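Q: Sequence and predicted structure are below.
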Amino acid sequence: MSVNPALSFLHPLQQLEKLLLRIAAERPALWAAQLAPDMLPLWQQGRTAAGFSLRACYPLAQLDIPPIALVSDDWGGLIQFVQQCRQQLQALAPAGFAGWQQRPIEFEAGFARQQLTGQDYLQLYALPNFYFHFSMLYAIARQHGLAIGKADFDGWHQYPAGFSWVGPAS
């Protein structure tokens with residue numbers, strides 16, 4: 001039985017959706033906020049992270065990446081995009097992933113054409129890129145004062161209200 005690599009993205013996509021819902025409710029003006037002028041805005045970081053889940057799993061399942069566009073350029077459209085990515089991953093047949101670890105995957109990384117085994121593609125390229133863009137979205141929200149923490153990012157950690165690793169400011 002082959003492990004389904006799509007499972008690596010389902011929980012993080014759920015966390016991304018929750019975080020986007022929170023940002024939309026509490027800081028809707030952050031839609032186009034950036035960490036630096038030459039970096040993607042928050043909405044594009046979210047879209048790119050979610051898109052990497054499909055960009056990772058469809059080639060591993062020997063399928064073409066489905067075209068999914070934002071239905072609207074707003075919070076609702078972005079959240080729907082993330083939901084559609086999750087649905088697409090859930091619909092992938094586990095049998096399609098048979099042998100994915102050794103399957104050669106060709107892809108473009110920026111302007112470079114690359115090839116890796118499926119295992120290396122997932123672990124060294126796709127997951128790091130997914131988490132990079134998810135982290136940038138998180139960092140933008142934190143930079144702009146949204147009170148979020150590790151629990152909002154990974155969905156597993158729990159801390160008491162007001163907890164801080166650095167303690168009170170002196």
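A: Everything's here; your move. Numbers count the residues shown, from 1 in each chain.
Q: Distance of the most centrally placed residue in the chain relative to R113?
A: The chain has A49 as the residue nearest its centroid, 3.2 Å off, counting by C-alpha atoms, centre = their mean. Per C-beta to C-beta, to the nearest Å, A49 is found 23 Å from R113. Just so you know, the C-beta spots here come from the backbone N, C-alpha and C atoms, and that holds for glycine as well.
Q: returning to that earlier point: kindly confirm my reading that the residue nearest to the centre of the chain is in a helix.
A: Yes: assessed with DSSP: H, G, I helix; E, B strand; the rest coil, A49 lies in a helix.
Q: Tell me if I'm right that it and P128 touch.
A: No: A49 is not in contact with P128 according to C-beta atoms under 8 Å; the separation is 11.4 Å.
Q: Show me whatever sits in contact with both of these two.
A: Common neighbours of A49 and P128 (criterion: C-beta atoms under 8 Å, 6 or more residues apart in numbering): none identified.
Q: gap between stretch 142-162 and the chain center?
A: Using C-alpha atoms, centre = their mean, to the nearest Å, the mean C-alpha position of stretch 142-162 is found 17 Å from that of the whole chain.
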